[in-house]
Each structure stands twice: as structure tokens, then as C-alpha cells.
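*Asks:* structure of the sequence below:
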Amino acid sequence: MQGLLKRASISLFALVVALPFGADAQDAKAVPQSQAQLQLSFAPLVKQTSGAVVNVYAEKIIQRQSPFAGDPFFEQFFGQQMPNRTEKQSSLGSGVIVEANGTVVTNNHVIEGADDIKVALSDGREFPCKVVLRDDRLDLAVLKIETKASFPTLAIGNSDAVEVGDLVLAIGNPFGVGQTVTSGIVSALARNQVVKNEFGFFIQTDASINPGNSGGALMNMKGELIGINTAIFSRGGGSNGIGFAIPANLVKVFLASADAGVKSFERPYVGATFDAVTSEVAEALGLDKARGALIVKVTDGGPASKAGLRAGEIVTAVNGVPVEHPDALLYRLTTAGLGSSVNLTVAENGGEQQVALKLDRAPETSPRDQRTIGGRTPFTGTVVENLSPRVADELRMPTESTGVVVADVKDGSPAARLGFEPKDIIVSINGAPVQTTEELEQMADADPGFWRVEIEREGQRIRQFFR
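*Replies:* Here you go, the predicted structure:
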């Protein structure tokens with residue numbers, strides 16, 4: 001027995017269980033050395049942490065119009081007001097309690113559009129929740145359990161310390177069958193082009209992740225949260241051994257914003273656009289491999305311009321950490337946080353230089369001057385604003401966009417019936433450029449009778465004619 005205990009003291013069991021929260025990450029990693037080590041269990045670690053992983057139930061009420069609405073035969077018998085049906089739509093996901101007061105982190109797509117949100121703990125208790133902060137670009141949401149009770153938590157680790165090959169556990173509620181634990185390793189880091197949103201920097205794992213695991217915990221062998229499970233590659237809806245998690249360091253920044261009480265999450269404004277580095281560009285600039293973020297355009301007066309960055313240069317590292325692609329650059333700047341300064345490694349003409357960049361929020365370079373257009377015009381029912389980098393960021397538009405933008409269109413309005421949409425930029429009316437909301441309102445009040453309108457929608461110019 002003493003011999004077995006001696007072997008266990010240097011085994012994977014000792015590294016995983018006896019020192020889950022105190023051992024140095026690099027010193028704690030080891031390959032199993034014996035048959036006894038291969039028979040060790042993750043059970044003690046799961047018992048310590050699984051209570052902080054919850055099931056998230058979200059419901060929303062949708063109105064479905066009667067298929068007989070507008071039919072004269074049915075309206076003759078049932079009256080002009082045809083009854084509409086209401087239906088409940090439910091979604092199921094997972095979440096992680098990260099603060100003892102009941103603060104929960106999950107995916108935005110789990111709770112998006114929900115009218116009622118509840119969480120269920122592993123001990124069977126259920127509580128209603130409210131949304132504190134959500135962001136569709138990062139696919140993160142912070143919930144608050146509406147009770148004064150204290151809850152078990154999962155400590156947030158340093159996702160930058162994660163390496164390919166590290167052992168991980170994924171905890172969630174796949175397929176609604178109840179809390180489930182799966183194990184695997186980290187397969188890759190800094191994965192992008194995984195989902196169709198503006199964020200692309202994921203931890204890839206082969207731990208089985210299935211529908212319902214979204215928002216659950218990806219955990220290291222120290223019992224720390226290193227990622228929020230968010231997406232899978234799947235042909236039939238189940239796990240194919242390729243899952244993706246949002247890194248914990250981004251979760252930390254998002255959680256800090258929620259704790260600060262902000263209404264929306266703001267990312268640093270750079271004042272530049274970036275593109276991926278192709279092998280041809282890398283060869284032309286003397287780089288040994290195609291990596292980094294190519295500066296395509298620099299906005300005058302923006303942080304990038306003030307730092308001396310120029311189009312054609314390539315950002316290869318942030319604070320000494322290499323960046324593989326533009327999404328990795330965005331991740332590094334976002335996790336650095338607003339108000340901080342970072343050192344960029346910039347390559348050009350075979351050489352490198354260090355550039356200091358101050359990270360600030362997007363500015364309002366012109367007053368937004370929100371107006372609702374009325375009267376008898378094609379724009380009646382639109383809510384318009386002057387574009388600035390901050391307004392563009394709020395509307396999920398390129399921050400270099402300028403002019404007058406449609407922020408909202410009222411349902412059933414003339415503008416809605418004519419096909420105007422939020423994010424449309426009104427370029428000109430009857431050949432006259434539209435530069436401010438005041439000018440647009442004056443042109444609408446003039447009522448020329450014939451309207452030749454040019455708008456920009458997702459980079460495309462559209463011309464329309466109205467009478």
C-alpha cells in the first residue's frame with residue numbers, strides 16, 4: 001500500500017486531484033507512466049466543480065398570424081379580426097456561475113430573444129434570471145440569478161496559458177438529458193472562421209460537445225474555467241470531435257463590463273481596417289510565413305493614424321504575443337481593455353518596429369442627432385442618425401462609415417413597405433448628397449413629388465425611384 005501511495009504521489013492523479021488549484025501549470029503537466037496511472041479518475045475534480053455549471057432554459061412567445069386573415073369567406077363568419085395564435089419557443093443551453101451572488105456566463109445565442117429565462121442547478125433547484133449584458137458579436141451573455149442565496153463558483157483561469165495537448169473537461173447539458181461531463185484535449189488554438197460573426201478566436205477541443213452544451217464550461221485540470229463552449233463542426237447534429245470554446249480571458253473582460261453596469265460592450269477603436277496576409281504579400285514584404293494582420297486603410301485622426309501606422313504595414317504581434325490573423329489582433333486588443341496602451345510589432349520592407357497604440361472607445365466625431373422622419377415621403381417611419389465611429393459600432397457597421405444612417409424602421413410605415421432597412425446609408429436624394437439628418441429632414445419636407453433615392457446597403461449602391 002505504501003508503495004502504491006508513493007507512486008501515486010508522482011502520478012497524474014496527484015497532479016489532477018491533490019493539487020488542482022495550487023500547482024504551477026507548467027510543472028503539473030506529465031504523461032502517464034504506468035498502468036495504475038491510466039486507471040485514475042476525474043471524479044474528485046468533477047465533484048469540486050460541477051455544482052457551478054447550470055442548465056439554462058429560455059422561452060419566448062411568438063405571434064403567428066392566422067392563415068385565413070384577409071380571406072373574405074372566413075371573415076364573413078368570424079368577423080374582420082381574425083384571431084392570431086401565440087406559441088412558446090424554448091431553447092436549452094448551459095451556463096457557468098462565476099460569482100457567488102449568482103452571476104452566470106453563457107452564450108448569447110442561448111438566451112437571444114427570450115422573454116423568460118431560468119437556470120437549474122445540479123442539485124435540482126431552479127431560479128429565474130435576468131439579463132445583465134449581452135453581445136451578439138462575441139456570443140456572450142451575463143445573467144443574474146434573482147435570489148440572495150450564495151452559489152458555488154468556478155474560478156476563471158488564464159486561457160493564454162493553455163497549450164495544444166492539454167487535458168480538458170467539458171461540462172454541460174447536451175440534448176437536454178441532464179448534466180454531462182466529457183473529457184479530451186486541446187486540439188488547436190486561435191481558430192477563426194468558425195461561426196458567422198465578428199469574433200474569431202477559439203480554443204478547439206476534441207472533448208465531446210453537442211447541442212445543449214452551448215454556454216457550458218471548458219475546464220482545465222486545475223479546476224479553472226478556460227473557455228465557454230459555443231460551437232461544433234457537425235454533419236448530423238452530434239459531436240464529430242471538433243468543438244470550439246470562447247477563451248476565458250475574453251470572458252473576464254466581458255464580465256468586468258457587466259459588473260461595471262454598462263449597457264453595451266465596447267471594444268477598442270483602432271481607426272484602421274485589416275486583412276489577412278496571403279503568401280504573396282508575405283513574400284513581397286520579406287516575411288518567413290504568411291501570418292499577421294495587413295493594414296488596408298487608416299482613418300485620419302484615429303488612434304492608428306496618431307500612432308503612425310500606415311496602409312501596407314503588417315501587425316505581427318501585440319505586447320510580444322504573435323498574432324496569426326486579423327481576428328487574433330482584434331482578440332488581443334479587446335482583452336487588453338479600453339484605456340490601456342499596447343505595443344504593436346509592425347513589419348514593413350523586411351524590418352520590424354515597435355509602435356505604441358492607445359486603446360480608446362469609438363468617438364462621436366459628429367452629433368448623432370437622432371430624428372424620426374414623418375409626413376408624406378418615402379422616408380416616413382425611419383429613425384435616422386448621423387454616422388460616427390461610435391454610432392457605426394453600435395449598429396454593427398464598419399466604423400469608417402459616414403453620412404446618414406437608418407437606425408430603425410417602424411413596422412407598417414411607408415418606409416417599411418418600400419423596403420428601407422436598418423443600416424441603410426442614405427447617400428443622395430434627386431442627385432443632392434445627404435450629409436446630415438437635418439439636411440435629410442429638410443429635403444423630405446420639400447416634398448418634390450418625384451424621388452430618386454440612392455442608398456448604400458452592405459457596401460452596395462442601390463438606386464430607387466418613388467412618386
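
*Asks:* now Arg461, which residues is it bridged with?
*Replies:* Beta bridges link Arg461 to Glu456 when assigned by DSSP bridges.

*Asks:* quick one: contacts for it?
*Replies:* Arg461 makes contact with 427, 454-455 under the criterion CB atoms under 8 Å, 6 or more residues apart in numbering. To be clear about C-beta, it is placed using only N, CA and C from the backbone, and glycine gets the same treatment.

*Asks:* of the residues you listed - the most surrounded one?
*Replies:* Neighbour tally across those (other CB atoms under 10 Å): the maximum, 23 neighbours, falls on Ile455.

*Asks:* nearest residue to that one other than its sequence neighbours?
*Replies:* Of all residues not flanking Ile455 in the chain, Asp424 sits nearest, at 4.8 Å (CB to CB, 6 or more residues apart in numbering).

*Asks:* count of residues packed around the one you found?
*Replies:* Asp424 has 22 neighbours, counted by other CB under 10 Å.

*Asks:* about what we covered before: in a markdown table, list the contacts of Arg461 along with pLDDT.
*Replies:* A markdown table is the format used below for the contacts of Arg461 (pLDDT from 0 to 100):
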| residue | pLDDT |
| --- | --- |
| Val427 | 93 |
| Glu454 | 93 |
| Ile455 | 93 |
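
*Asks:* test my guess that the residue nearest to Ile455 contacts Val405.
*Replies:* Yes. With contact defined as CB atoms under 8 Å, Asp424 reaches Val405; the gap is 7.0 Å.

*Asks:* ok, Arg402 touching Leu387?
*Replies:* Actually, residue 402 is Thr. It isn't Arg. Yes. Between Thr402 and Leu387 there is a contact under CB under 8 Å: 5.3 Å.

*Asks:* in which helix or strand does the residue nearest the centre of the chain reside?
*Replies:* Nearest to the geometric centre of the chain sits Leu138, at 0.8 Å (CA atoms, centre = their mean). Of the helices and strands defined by DSSP states H and E, none includes Leu138.

*Asks:* contacting residues around it?
*Replies:* Counted by CB under 8 Å, 6+ apart, Leu138 has contacts 108, 197, 199, 246, 250, 254, 265.

*Asks:* again, 7 Å this time
*Replies:* Taking CB atoms under 7 Å, 6 or more residues apart in numbering, we find Leu138 in contact with 199, 250, 254, 265.

*Asks:* quick one on the thing from earlier: what's the closest of the contacts of Arg461 to Gly113?
*Replies:* Ile455 (27.5 Å; CB to CB).

*Asks:* so the closest one makes contact with Leu440?
*Replies:* No. Using CB atoms under 7 Å, Ile455 makes no contact with Leu440, being 11.6 Å away.

*Asks:* quickly list what's touching both of those two.
*Replies:* Shared contacts of Ile455 and Leu440, counting by CB under 7 Å, 6+ apart, come down to Ile426.

*Asks:* related to what we said a few turns ago, by pLDDT, give me the weakest of the contacts of Leu138.
*Replies:* Lowest pLDDT of the contacts of Leu138: Phe199, 71.

*Asks:* settle this for me: that residue is touching Asp135, isn't it.
*Replies:* No. Using CB under 7 Å as the test, Phe199 is too far from Asp135 to be in contact (8.9 Å).

*Asks:* got the CA coordinates for stretch 156-168 in CSV?
*Replies:* Presented in CSV, the C-alpha positions along stretch 156-168 are these (Å, rounded to 0.1, in the frame of the first residue of the first chain):
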residue,chain,number,x,y,z
ILE,A,156,-11.7,31.8,-14.3
GLY,A,157,-8.3,30.7,-15.4
ASN,A,158,-5.7,32.2,-17.8
SER,A,159,-6.6,31.0,-21.3
ASP,A,160,-3.3,32.3,-22.7
ALA,A,161,-1.6,29.6,-20.6
VAL,A,162,-3.5,26.8,-22.5
GLU,A,163,-1.4,24.7,-24.8
VAL,A,164,-2.3,22.2,-27.5
GLY,A,165,-2.4,18.8,-25.9
ASP,A,166,-3.6,19.9,-22.5
LEU,A,167,-6.3,17.7,-20.9
VAL,A,168,-9.7,19.4,-20.5
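
*Asks:* buried ones in it?
*Replies:* 156-157, 159, 161-162, 166-168 (16 or more other CB atoms under 10 Å).

*Asks:* just send those residues back as a markdown table, with secondary structure too.
*Replies:* What follows is these, written out as a markdown table (DSSP: H, G, I helix; E, B strand; the rest coil):
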| residue | secondary structure |
| --- | --- |
| Ile156 | strand |
| Gly157 | coil |
| Ser159 | helix |
| Ala161 | helix |
| Val162 | coil |
| Asp166 | coil |
| Leu167 | strand |
| Val168 | strand |
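
*Asks:* could you identify the most distant pair in those residues?
*Replies:* That would be Ile156 and Leu167, which, of these, are the farthest apart (CB to CB) at 18.3 Å.

*Asks:* so where's the stretch 301-450 of the chain shaky on pLDDT?
*Replies:* 350 (pLDDT under 70).

*Asks:* so, low pLDDT: which residues of the stretch 101-250 of the chain?
*Replies:* 175-176, 193-198, 232-241.
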